[in-house]
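> Just need the structure, nothing else, for what follows:
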Amino acid sequence: MCVLASSMDAGDRGYNVIVAEDCVATFAHRNHVAALSVLSRMWAKVWSHEQVLDAMMADAGAGADAQPATAAEKSDPFGNAARAKL
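Predicted coordinates:
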């Protein structure tokens, strides 16, 4: 229930959510399948942990060209100061 609710909330807030289907569980298998089905329709990508790791490794390789964070980004990583000005 926690992963389902959190994923739906994050998806509603505009986050790109990925749920590793083999890293979450419920007491009943049919509930597990139902929750992942609901998430995959609208709120999240449902992947295996191997797919998540592959994507992370691909991003790590692409990160070689990334610019280091500025001092302002390090002190305010969530952009709260910029939102406060709106």
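> Now whichever strand or helix holds Ala55: average pLDDT?
Using DSSP states H and E, Ala55 sits in helix 49-62. Helix 49-62 shows a mean pLDDT of 87.
> ok, now stretch 11-30?
94.
> in that stretch, what counts as buried?
Buried positions in stretch 11-30, judged by neighbour count with 16 or more other CB atoms under 10 Å: 11, 17-21, 24. From N, CA and C alone the C-beta is placed, and that goes for glycine too.
> nearest to Ala60, of these?
Ile18 (15.5 Å; CB to CB).
> Just the ones in helices from the buried residues of stretch 11-30, please.
Judged by DSSP state H, the subset of the buried residues of stretch 11-30 located in helices is Gly11.
> Out of the buried residues of stretch 11-30, the closest to Glu50 would be?
Set against Glu50, the nearest of the buried residues of stretch 11-30 by CB to CB is Ala20 (8.9 Å).
> Correct me if wrong: the closest one contacts Ser48.
Yes - contact criterion CB atoms under 8 Å: Ala20 and Ser48 qualify, at 6.7 Å.
> returning to what we had before: so which of the buried residues of stretch 11-30 belong to strands?
Under the assignment DSSP state E, the buried residues of stretch 11-30 contribute 17-20 to strands.
> Columns distance to Met57 on top of these, output as JSON lines?
Below are these laid out as JSON lines (distance: CB to CB, whole Å):
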{"residue": "Val17", "distance to Met57": "20"}
{"residue": "Ile18", "distance to Met57": "14"}
{"residue": "Val19", "distance to Met57": "19"}
{"residue": "Ala20", "distance to Met57": "14"}
